[in-house]
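In: My questions concern the predicted model and sequence given below.
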Amino acid sequence: MHYFHRQVQLWGEETQALLQSKRIAVIGSGGLGSSLAFALGASGIGEIHMIDFDEVSLHNIHRQIAFKSGDEGKNKAVINASIIEQRCPFVKATAHECNFEEWCKKGIEVDLILDATDNLPTRAEINSYAKSKNLPWIYGSVEAFHGQVAFIEESSFSDAFKILQIKPAGIAAPIVMHIASLQANLALRYLAGLSVKKDLLYYLFFSNDGELITQKFSLPKA
């Protein structure tokens, strides 16, 4: 408990011990995924599964905080899982060098799925899988200076969004970390048994004047 001293001050030893029994899957180990690995990897969650078939490219490094120069060509999930276990010996981190569909076939049971992907079709697959397993999941997306976050339980992502394959715009590194931190806070609150507002989409963006604006929208139930 000394390792988690400040968290124990927040919610007590019983809740911290509860986290040790929890298992999560992070789908994608790039921008959002590597920020989630840092935010949640040292929190004391018992098992973290990092899923990604992709390898590090030079243009990833500026916004994907797990990677450094020289990591090019290495699998992203493998690097993130290694960093998690190096930072926290109380967490078991497993890397899956595959896509989401292949991971689903492994039949691994988790308590929560976190979306760290970069395309709508894969998020639709996550939604379908989560519904089939009666699992909640946390959606997150970033582009340019804006992002979206939602804890999805009764709503359906596929009903709320038009599923298209679109080319992403440019992106700044800080917004990636900001959205991932919001996802991580929702995840920790849920896993720790604290109140979480579900099926509500948070849309955050910077206006042309540089003001941070947050809007909320109710998602339609499935």
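Out: Perfect, I can see it now.
In: Run through who's touching stretch 177-190.
Out: Residues from elsewhere that reach stretch 177-190, judged by C-beta atoms under 8 Å, 6 or more residues apart in numbering: 19, 24, 31-32, 35-36, 39-40, 43, 65, 112, 114, 116, 136, 138, 140-142, 147-149, 151, 195-196, 202, 204. (C-beta placed from N, C-alpha, C; glycine too.)
In: Mind pulling the model confidence for Gln165?
Out: What the model reports as pLDDT for Gln165 is 65.
In: no, scratch that, I was asking about Leu219
Out: At Leu219, pLDDT is 93.
In: Next, the contact list for it, please.
Out: Ala150, Ile152, Ser155, Ser156, Ala160, Asp199, Leu200, Leu201.
In: Could you check how far it is from Tyr203?
Out: Applying C-beta to C-beta, to the nearest Å, the value for Leu219 to Tyr203 is 12 Å.
In: Give the next helix or strand downstream of the helix ranked longest in the chain.
Out: If you go by DSSP state H, the chain has its longest helix at helix 173-191. Next helix or strand after helix 173-191 toward the C-terminus (DSSP states H and E): strand 200-206.
In: Run me through the strand neighbours of the helix or strand harbouring Ala25, direction for each.
Out: Assigned by DSSP H and E, Ala25 belongs to strand 23-27. Sheet pairing of strand 23-27 (DSSP bridges) gives strand 47-51 (parallel), strand 112-115 (parallel).
In: would you say Glu109 is within a helix?
Out: No - read with DSSP: H, G, I helix; E, B strand; the rest coil, Glu109 is coil and lies in no helix.
In: Mind pulling the model confidence for it?
Out: For Glu109, the predicted pLDDT is 97.
In: Can you tell me the closest non-neighbouring residue to it?
Out: Arg23 (6.8 Å; C-beta to C-beta, 6 or more residues apart in numbering).
In: Any figure for the gap between the one you found and Gly46?
Out: Relative to Gly46, and taking C-beta to C-beta, Arg23 is found at 6 Å.
In: Repeat that for His5.
Out: 19 Å.
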